[in-house]
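Student: Quick one, fold the following:
(chains A and B)
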Amino acid sequence: MIAALVALGTGIGAYSARYYGSPAQEPIEGLLWPDPKPIQPFLMADQDGREFGLERLRGKWSFLFFGYTHCPDVCPITLSVLKQFERDLKSEAGAPVQVVFVSVDPERDTPRQVAEYVRYFSSDFIGLGGTIGQIQTLSSQFGVAFYQGERTATGDYTVDHSAAVFLTDVKGRLVAIFSAPHNATAMLLRFRQIRDFLRRADA
Amino acid sequence: MKLKSAAVALAVAGLCGSTDAPGTGEITVAEAWINAGPPTVAVNAGYFEIRNYSGHDVKITRVTSLRFERIEMHLSEMRDGMATMQRQDSLVIPAGGVLRFAPGGYHLMLFKPVPPLRLGEIVTLSVEFADGTELTAAATVRAPRDPAHRP
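Tutor: Sure, this is the predicted structure:
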């Protein structure tokens, strides 16, 4: 039923992309280097109704996750991991980090619904919504697909969606992909590796 | 129903002992919990472990609770990086096996709790089997336990 909104093949390459910093160095899993992908302009609305575009990705490290608030299993678990990650990271100095939840269910996820959803996990989380077109403009840049399933007799439906978490850097480039299942401790270790690597690489 | 063998540990040996299993002996339900989730959500996920110490396979046909409008069994799966959910009409637990409901795998979809769930609340779930027997599980409403250490 319903539209299949698939946006693949945007040149991001394999999810398992690895970069070997030097022959002796362990690869950093998920790091997209030497070809980070500059994010192109997009426009969505945050949970407070304010515009959220490319300029709000710049200047921060952003962890983006695409999901929907009626998702009972994978989404709340992923956001719980990101909450733990954010809490563990807070004591560290450096460029600020933001966690961004992007709803791929514009039919049910009103801004108010998204606001209450993300605030449950963290008062600092950002929740984005928009029209299908606006969502696609953003999601396609991450190679994120989402697909609305058939409706049940009660009108419920699920949305298949990418389970990965995406990292953009302070320049607004997609620099790394974290594949599911997620783990806050591993995510923090890998984020530090990526941050340190990019500081050297971009110096 | 097709059974996802990967989610079923066939060896009974080495299972952690459980002190809160409310089962009648041969089949036990334990480790039941409900992911609290934001108060506005219309559906929560529930998890438990069912162990079959008997010498024959058993089949779960339904899970019910007065606390929810309805309950479905689902399986989350990752396919090419996509998270998908498949409804399960019934699930078989082989003789001597254990079926674990856990985040990212089998889970109960708990629709429309009325009134909304409270953190720390204990919810009674009834697990019905194909042979007509029924077990109850006391599920605690809580946040995921230490997700940092989740595999």
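Student: Which residues are in contact with the residue nearest to residue B:56 when sequence neighbours are not counted?
Tutor: In this structure, residue B:56 finds its nearest non-sequential neighbour in residue B:95, 5.3 Å apart by CB to CB, 6 or more residues apart in numbering or on different chains. Every C-beta, even on glycine, is put in place using the N, C-alpha and C of the backbone. Applying CB atoms under 8 Å, 6 or more residues apart in numbering or on different chains, we find residue B:95 in contact with B:52, B:54-57.
Student: again, 10 Å this time
Tutor: B:10, B:12, B:26, B:52-58 (CB atoms under 10 Å, 6 or more residues apart in numbering or on different chains).
Student: Give me the below-cutoff pLDDT ranges for chain B.
Tutor: Along chain B, segments meeting pLDDT under 70 span B:1-24, B:146-151.
Student: Chain A now?
Tutor: Flagging of chain A using pLDDT under 70 yields the residue ranges A:1-26.
Student: buried set for the longest strand seen in chain B?
Tutor: Longest strand in chain B by number of residues (criterion: DSSP state E): strand B:68-79. By neighbour count on 16 or more other CB atoms under 10 Å in any protein chain shown, the buried set for strand B:68-79 is B:68, B:71-78.
Student: quick revisit: out of the contacts of residue B:95, who has the most neighbours?
Tutor: Using other CB atoms under 10 Å in any protein chain shown as the neighbour test, the contacts of residue B:95 are led by residue B:52, with 23 neighbours.
Student: Could you measure from that residue over to chain A?
Tutor: 24 Å (CB to the nearest CB, to the nearest Å).
Student: May I have the phi/psi pair for that residue?
Tutor: Dihedral pair for residue B:52: phi -110, psi 100, per degrees, to the nearest 10.
Student: Could I get the contacting residues of it?
Tutor: Neighbour list for residue B:52: B:8, B:12, B:23, B:26-28, B:58, B:92-99, B:129 [criterion: CB under 10 Å, 6+ apart].
Student: In strands only, show me these.
Tutor: Residues of the contacts of residue B:52 located in strands (DSSP E): B:8, B:27-28, B:58, B:92-93, B:98-99, B:129.
Student: Out of the residues you listed, grab the one that's most surrounded.
Tutor: Highest neighbour count within these: residue B:99, with 23 neighbours (other CB under 10 Å).
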